[in-house]
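Novice: With the sequence up front, the predicted model follows.
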Amino acid sequence: MRVHFDEVRNNKIKSIVLIFSFIIIIGVLGAVVGFVYDSFIFGISLSLITALIYTLIVFKSGNKMILSMTGARPVLKKDYPHLFHTVEGLAVAAGIPAPKSYVIKDTALNAFATGKDPEHAAIVVTTGLLDKLNRQELEGVVAHEMSHVKNYDIRFMMLTTVLVGVVTLISDFILRSFLWGRIRRRNNGNGTIIIIVIGLALAILTPIIGQMIRFAISRKREYMADANAAILTRYPVGLANALKKIKADPDPLVDKANKATAHLFISTPFRKKKSFVTKMFATHPPIEERIKRLQEM
């Protein structure tokens, strides 16, 4: 079991490094705004206030919005007793309150967890997943999602969503300020021109970089949740076999999934495309690599 804990520790360290990258980007953008308006205090304050407002909105209603967007509906124990027993049993093993169970009517094999903390969490599975997986495989998938809940990945990913939104908003604000000629023409020297060029480059590139960091965080959290699921079930083969079935799904498209919710699912909810750009912006690590790591545990 030593390898399991090493996997968890390593991915936590990498995820912390990635989230600090977001903070640096927002700080740099705030400094650029400060240059535009001749007040670094104003620039940094604007960045912080925008981040705070976005955070409050997402944490207050983000969970309900996600469930509604994906078409998830709450289910009763009498509807899917095996799902309820699996969720309740693994919640006890994880030492957290049992998340609410939701189902999406879709033939695709997929699942995700959402919420702001273990006390306000939900685990969502597709009917296709319930139909195709056996007991041990379903336990592996639910344990993966339970790990996201226990490790506060659900809150962590909400935070990264907020940060991407903040980066995009501030970048757009900077671009509009330049376009409106907000820069004071007090000095047209080389130093000012260089700063303007750097500011424009940052405003254009940082939303793209922010999205790339967000997706990288998502990939790291998936590896960590796989490792934690193996610890929780003491049977990594169950999740590995589930991922094999998910990989072989001829129609992996979850009809109501979109780019805003894709990173939540256990596997990409879109039809798989192979290209360099697709790999850069992938929300999930290669499923073959995930299976390999589980088989080596």
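Specialist: Thanks, I have it.
Novice: Give me the three-state assignment for the residue nearest to Leu264 when sequence neighbours are not counted.
Specialist: Spatial nearest neighbour of Leu264, chain neighbours left out: Phe112 (4.0 Å); criterion: CB to CB, 6 or more residues apart in numbering. (Glycine included, C-beta is placed from N, CA and C.) Under the three-state scheme (DSSP: H, G, I helix; E, B strand; the rest coil), Phe112 adopts strand.
Novice: In a helix, Ala240, correct?
Specialist: Yes. Secondary structure of Ala240 (three-state DSSP): part of a helix.
Novice: quick revisit: how many other residues sit next to the residue nearest to Leu264?
Specialist: For Phe112, the tally of surrounding residues (other CB atoms under 10 Å) stands at 29.
Novice: separation between it and Gly165?
Specialist: Counting by CB to CB, to the nearest Å, the gap from Phe112 to Gly165 is 20 Å.
Novice: Kindly state the pLDDT recorded for the closest residue to Arg135 other than its chain neighbours?
Specialist: Nearest residue to Arg135, sequence neighbours excluded (CB to CB, 6+ apart): His82, at 7.3 Å. pLDDT for His82: 92.
Novice: in the stretch 101-250 of the chain, which spans are strands?
Specialist: 111-115, 121-126 (DSSP state E, counting those that start in this stretch).
Novice: For Gly27, which of the ones you listed is the nearest?
Specialist: strand 111-115 (28.8 Å; CB to CB).
Novice: Please save the CA atoms from that closest one in PDB.
Specialist: The C-alpha trace of strand 111-115 is given here as PDB (Å, rounded to 0.1, in the frame of the first residue of the first chain):
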ATOM      1  CA  ALA A 111     -19.900   9.500 -13.400                       C
ATOM      2  CA  PHE A 112     -18.800  12.600 -11.400                       C
ATOM      3  CA  ALA A 113     -19.000  14.200  -8.000                       C
ATOM      4  CA  THR A 114     -19.800  17.800  -7.100                       C
ATOM      5  CA  GLY A 115     -20.500  20.000  -4.100                       C
END
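Novice: what angle do it and strand 121-126 make?
Specialist: If you take axes from the mean of the first three to the mean of the last three CA atoms, to 10 degrees, strand 111-115 sits at 160 degrees to strand 121-126.
Novice: Show me what strand 111-115 packs onto, helices and strands only.
Specialist: helix 40-69, strand 121-126, helix 135-150, helix 153-179 (3 or more CB pairs under 8 Å, 6 or more residues apart in numbering; DSSP states H and E).
Novice: Hmm, Asn110 and Lys132 touching each other?
Specialist: No. Contact between Lys132 and Asn110 fails when scored by CB atoms under 8 Å: they sit 10.9 Å apart.
Novice: which of these two has more neighbours?
Specialist: Neighbour totals were compared for Lys132 and Asn110, and Asn110 leads with 25 against 17 (other CB under 10 Å).
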